[in-house]
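**Student:** Here is my input; please provide its structure:
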Amino acid sequence: MSMRERPSPVVPPRSPFSGPASSWSQPEAANARRLFWGLFAVVFAIKLLVAARLPLFVDEAFYWLEGQHLAPAYSDLPGLTAWLARLGVTLGGDTALGLRLPFLLIAALVPLLAMRITAREHGEVYGWQAGCFALLLPLSGTLGLLALPDAAMALATLLCVDAGARLLRHVTAGGALELALGLTIGALSHYRFIAVIGVGLVVLLLLADGRKLLRDARVWTAIAIGAAAWTPLVAWNFDNADAGLRFQLVDRHPWAFHVDGLWFIAIQALLVTPLLFVALASASWRGNRSASSTSRYFALLGGLVVLGFFALGFFADTERVSFHWPLPGYLALLPLLPAVLAAWPRWLRGATWGLAGLGLVAMLGYYVAVSVPDLRARTAAEKWYPSNFAGWNELEEAVRLARAQMPDDTRIVAGNFKLGAELGFALGESRIAVLDHSLNHKHGRAPQLRLWGLQSSGRADWGDAPVLLVVGATDVPYKSLLQRYHDLCGMVGPLPPPRVINVDHGHQRFLLFKLGRGVDAPAGATCTTPSMAWIDTPVSGAKVGTNFEVAGWAFKNGVGLDRVEVTLDGALVAQAQYGLENPGVARYWQLANDPNQPRVGFSASVDAASVSPGRHWLGLRLHGSDGSVEVWPEQPVDIR
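**Tutor:** Below you'll find the predicted structure:
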């Protein structure tokens, strides 16, 4: 073979599975490099555009609030997320993009670091490919779109992975410093990083080279630095009766076996994309049988982290989002992935790349849909309706208008931490008081609100001072809503007629109450609440003809209802016959004290002959005896 015909390797690669050494030509390396940088630029540009338009998720708003009250640690998290949020709005302005910018930049380092680790261990082309998959893996490709701890945790994980691989080969001061940096960032990011630390230590003990490096003082110095970074969080828990630790490890988890863990695994396979999920599992399996210590290190670390979270899924919290938990494990497996794919048939490799790309497009598309009000409204009746993103702009406008009509010294009080944080960001006010609510405790935010002096006990705190009370009517399950209204009565007294803000056909619903000086409150001690209603016929999503019957019930505690109107797409289509016997309502709603009970049923005939066939939204307009008019949430019907 002539010199001209012989391929020239760019970097002497190491096979991840002790196979024969591979080499690539310059054109192959150049193509892989161009693919990575092209993909990197496109994904980053799309994320910038989406991040600028996407409404704030409620957790992001609370991290903004924490950033306005800088502290070493908080009830729900260590301090880094709040510090980054504060940095973002300080440099980028009080906008969603400004808040998210530090997280986007940190997330941009993740594929670069994955590429660097893989290129050093297994060759340049494999490095560029691993970097591409760090971008295409939907869970990591969307990092930074939201101002959440996961971006910093991902960076910390890869720093520790990189440092571990370097130290296994040869202990150096540089490797130890990188390990210290990764451990520090992880400790300042989330309690959950303890899993990466614990698994990493176990893996090093399982490897002969790992046990050897643990005898080096420089490694233990790095570990000590990382351990010291937990000090602010430990101190916060000491000062607050372990409230944060109890929430993360005890209160939010049932710690009883449940079969929902199977769904967790299935969702992971879907989110990672099925073929990529199989490839990563294969990488862990094959890497653990490699003669290379670094390959076994990647395989064991990634595999055990993922398996650990899979096992946790059978015992842990299922009510809050947890699909992102195994991401550190997938990132640790990325350096092994290209070699696995190289052994697959070309068509299967192409399908893996294609499905991963489609998965990323789907997740980015979801965020785009959430940011477009019309698209979001079409999903209003679906179980996966993104309520935590919805309605904040409409609420801000309504609150500004209502406060402008009240005395200058009017205070805003929010019904729960979500409303307080979102309104705080929208209005630029970091001292909005919050009433006690089950959500504050469920999400571990109640202790922090108390520390800031932002938890209000209600009228006992403000007396007859003017207050605009903002309540989320869809923040509790419907079966608990009447109880919540009575809890509000206990805190603030009988509730005056609310201004109702229905967003996305009322599936995100807010109530504004003007309280205090100059406001006529309902007379007497009876708890006067907003109206309650239900449409029994037709059911949501039903197919109906152009003439159909509507039946259900409605009541208003304290004062009762005068009449009920039926609407279609917001337009009045029928005056319901109200006052029909329905004793089952009082039996179910034991707190119901509507003076009309049990005559709270209604029925109406709707003539929709002039309406075009297709999906329409059926609703109610409830007229209270106190003069209130409340528009009830709409439900879809398909007119044939």
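**Student:** Could you use CA atoms for every contact and neighbour count after this?
**Tutor:** OK.
**Student:** Per-residue pLDDT of the residue lying closest to Thr81 once chain neighbours are set aside, please?
**Tutor:** Setting aside the residues directly before and after it, Thr81 is nearest to Pro149 in space (Cα to Cα, 6 or more residues apart in numbering), at 5.7 Å. The score at Pro149 is 96. That number is its pLDDT.
**Student:** Same question for Asn596.
**Tutor:** Looking at Asn596, its pLDDT is 93.
**Student:** In contact with it, which residues?
**Tutor:** Contacts for Asn596 (Cα atoms under 8 Å, 6 or more residues apart in numbering) come out as Phe555, Gly560, Leu561, Gly579.
**Student:** Any chance of CSV for the residues you listed, columns distance to Ala281 and pLDDT?
**Tutor:** Shown next, in CSV, are the contacts of Asn596 (distance: Cα to Cα, whole Å; pLDDT from 0 to 100):
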residue, distance to Ala281, pLDDT
Phe555, 56, 96
Gly560, 61, 94
Leu561, 61, 96
Gly579, 63, 95
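**Student:** related to what we said a few turns ago, quick check: phi and psi at the residue nearest to Thr81.
**Tutor:** Note on Pro149: its backbone torsions stand at phi -70, psi -10 [degrees, to the nearest 10].
**Student:** again with the one 10 residues further on
**Tutor:** Dihedral angles of Leu159 (phi, psi; degrees, to the nearest 10) stand at phi -60, psi -40.
**Student:** hey, where'd the helices end up in the stretch 151-300 of the chain?
**Tutor:** 173-187, 193-206, 208-213, 217-228, 231-239, 243-246, 260-272, 274-287, 293-312 (DSSP state H, counting those that start in this stretch).
**Student:** Between those, which one is closest to Pro598.
**Tutor:** helix 260-272 (40.5 Å; Cα to Cα).
**Student:** any idea which of the contacts of Asn596 is closest to Leu364?
**Tutor:** Nearest to Leu364, judged by Cα to Cα, of the contacts of Asn596 is Phe555 at 42.6 Å.
**Student:** What's opposite the closest one in the beta bridge?
**Tutor:** In this entry, Phe555 is beta-bridged to Met532, by DSSP bridges.
**Student:** Could you report the neighbour count for it?
**Tutor:** Look at Phe555: counted by other Cα atoms under 10 Å, it has 33 neighbours.
**Student:** picking up where we left off before, dump the helices of the stretch 151-300 of the chain to CSV, plus mean neighbour count, distance to Arg484 and mean pLDDT.
**Tutor:** Listed next are the helices of the stretch 151-300 of the chain as CSV, based on neighbours: other Cα atoms under 10 Å; distance: least, Cα to Cα, whole Å; pLDDT from 0 to 100:
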stretch, mean neighbour count, distance to Arg484, mean pLDDT
helix 173-187, 23, 38, 97
helix 193-206, 18, 36, 95
helix 208-213, 17, 56, 94
helix 217-228, 17, 43, 96
helix 231-239, 17, 30, 95
helix 243-246, 20, 25, 85
helix 260-272, 17, 29, 85
helix 274-287, 21, 43, 95
helix 293-312, 23, 33, 92
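**Student:** Let's have these in a markdown table, adding distance to Ser387.
**Tutor:** As requested, the helices of the stretch 151-300 of the chain are arranged in a markdown table below (distance: least, Cα to Cα, whole Å):
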| stretch | distance to Ser387 |
| --- | --- |
| helix 173-187 | 30 |
| helix 193-206 | 28 |
| helix 208-213 | 47 |
| helix 217-228 | 38 |
| helix 231-239 | 31 |
| helix 243-246 | 26 |
| helix 260-272 | 21 |
| helix 274-287 | 28 |
| helix 293-312 | 27 |
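**Student:** of all these, which lies closest to Ala119?
**Tutor:** Closest approach to Ala119 among those (Cα to Cα): helix 293-312, 13.1 Å.
**Student:** Quick check: which helices or strands does that closest one pack against?
**Tutor:** helix 150-169, helix 193-206, helix 260-272, helix 274-287, helix 327-333 (3 or more Cα pairs under 8 Å, 6 or more residues apart in numbering; DSSP states H and E).
**Student:** Of all these, which one is nearest Leu137?
**Tutor:** With Cα to Cα as the measure, helix 260-272 is the member of the helices and strands packed on helix 293-312 nearest Leu137 (6.1 Å).
**Student:** For that closest one, what is the distance to the chain centroid?
**Tutor:** Here the centre of helix 260-272 is set off from its chain's centre by 17 Å, with Cα atoms, centre = their mean, to the nearest Å.
**Student:** got the buried residues for stretch 398-406?
**Tutor:** Within stretch 398-406, the residues scored as buried using 16 or more other Cα atoms under 10 Å are Ala398, Val399, Arg403, Met406.
**Student:** now, which of those residues sits nearest Asn547?
**Tutor:** Distances from Asn547 to the buried residues of stretch 398-406, taken by Cα to Cα, are shortest for Ala398, at 36.3 Å.
**Student:** In contact with that closest one, which residues are there?
**Tutor:** With contact taken as Cα under 8 Å, 6+ apart, Ala398 is in contact with Ile501.
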